[in-house]
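> take a look and give me a structure for this.
(2 chains)
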Amino acid sequence: EAAVTQSPRSKVAVTGGKVTLSCHQTNNHDYMYWYRQDTGHGLRLIHYSYVADSTEKGDIPDGYKASRPSQENFSLILELASLSQTAVYFCASRGGSGNTLYFGEGSRLIVV
Amino acid sequence: AQKVIQVWSTTSRQEGEKLTLDCSYKTSQVLYHLFWYKHLLSGEMVLLIRQMPSTIAIERSGRYSVVFQKSRKSISLVISTLQPDDSGKYFCALWELRNNNNAPRFGAGTKLTVKP
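Next up, the predicted model:
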């Protein structure tokens, strides 16, 4: 069974603090993605990666960094968290027949 | 610019009814895929249907189907005989396949409430 796990599932961070959201997949997939979900905007692509040690900017990369140290792990880093980054963040991996996406359960981040 | 447009943000239906959720998309690419997902309360995003322009590849059949109008760049999700468990948020997604610079783009989602 393909699996994508995110941690933490929920976090409260202070403005200006550093936040790291982690994603781990056991699917042996090459592609991994980070999205954020906001009311009225749906899922917006932040960063993605198609190979270890390489990341690509998505549609809204400002204020975020990404790290892909291995095929299994893909992190999203907020160096200086801001109120506008309060959202639910989803990680996903791609692979298998037909390029199906496998999503994690989401990480709810509240910046205060 | 928004590539995937879902007009309804929320909708409500009675159990047993049939529902059509509309989605339109913008692309100049020849190769692309379209997806419909359901977002569960657990956070999991469940793939309902995958549509390639030339074929229909259904990940989940049963009460889910699509109406695909390629010339209009429209793909609607049809759910027949609604059940309360169908309540949730439904996302339409576009995936343009172009080298390595590709990732699915999602619509804003439609929240469905099915009343018993």
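
> the most centrally placed residue in chain A: which element?
Residue closest to the mean C-alpha point of chain A, counted by Cα atoms, centre = their mean, is residue A:34 at 3.1 Å. Using DSSP states H and E, residue A:34 sits in strand A:31-38.

> quick one: buried residues of that strand?
Across strand A:31-38, burial judged by 16 or more other Cβ atoms under 10 Å in any protein chain shown covers A:31, A:32, A:33, A:34, A:35, A:36, A:37. Yep, even glycine has a C-beta here, placed from its N, CA and C like the rest.

> could you list which of the residues you listed also contact chain B?
With the criterion set as Cβ under 8 Å from any Cβ of the partner chain, the members of the buried residues of strand A:31-38 near chain B are A:31, A:33, A:35.

> could you list the low-pLDDT ranges of chain A?
A:1-2, A:40, A:96-99 (pLDDT under 70).

> near chain B, which residues of chain A are found?
A:9, A:31, A:33, A:35, A:40-45, A:48, A:50, A:56, A:58-59, A:88, A:90, A:92, A:98-101, A:103-106.

> return a ChimeraX selection command for the buried portion of the residues you listed.
Applying 16+ other Cβ under 10 Å to the residues of chain A next to chain B leaves a buried subset, and the ChimeraX line that selects it is:
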select /A:31,33,35,42,43,44,45,48,50,56,58,88,90,92,99,100,101,103,104,105,106
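
> from the residues of chain A next to chain B, which land in helices?
With helices defined by DSSP state H, no entry of these lies inside them.

> and the nearest residue to residue A:23 once chain neighbours are set aside, how many residues sit next to it?
Nearest residue to residue A:23 in three dimensions, chain neighbours excluded: residue A:91, at 3.4 Å (Cβ to Cβ, 6 or more residues apart in numbering or on different chains). As a burial measure, residue A:91 scores 26 neighbours (other Cβ atoms under 10 Å in any protein chain shown).

> tally of neighbours for residue 10?
If you meant another chain, say so; for now it's chain A. 11.

> that's the wrong chain, I meant chain B
10.

> any stretches of chain B with poor pLDDT?
For chain B (pLDDT under 70), the answer is B:1, B:43, B:55-61, B:99-101.

> show me what from it comes close to chain A.
Selection of chain B residues close to chain A by Cβ under 8 Å from any Cβ yields B:4, B:6, B:9, B:33, B:35, B:37, B:42-45, B:47, B:50, B:57, B:59, B:91, B:93, B:95, B:100-101, B:103-109.

> kindly recompute the last result at 7 Å.
Residues of chain B that fall close to chain A, judged by Cβ under 7 Å from any Cβ of the partner chain: B:9, B:33, B:42-45, B:47, B:50, B:57, B:91, B:100, B:103-109.

> for chain B, which segments count as strands?
B:4-5, B:10-14, B:19-21, B:24-25, B:32-39, B:45-52, B:55-57, B:64-69, B:74-79, B:88-96, B:105-106, B:110-115 (DSSP state E).

> quick check: buried residues in stretch B:72-92?
B:73, B:75-77, B:79, B:82, B:86-92.

> any idea which residue sits dead centre in chain B?
Of the residues in chain B (compared using Cα atoms, centre = their mean), residue B:36 is nearest the centre, at 2.9 Å.

> for that one, give its distance to residue B:107.
Look at residue B:36 and residue B:107: by Cβ to Cβ, to the nearest Å, they are 10 Å apart.
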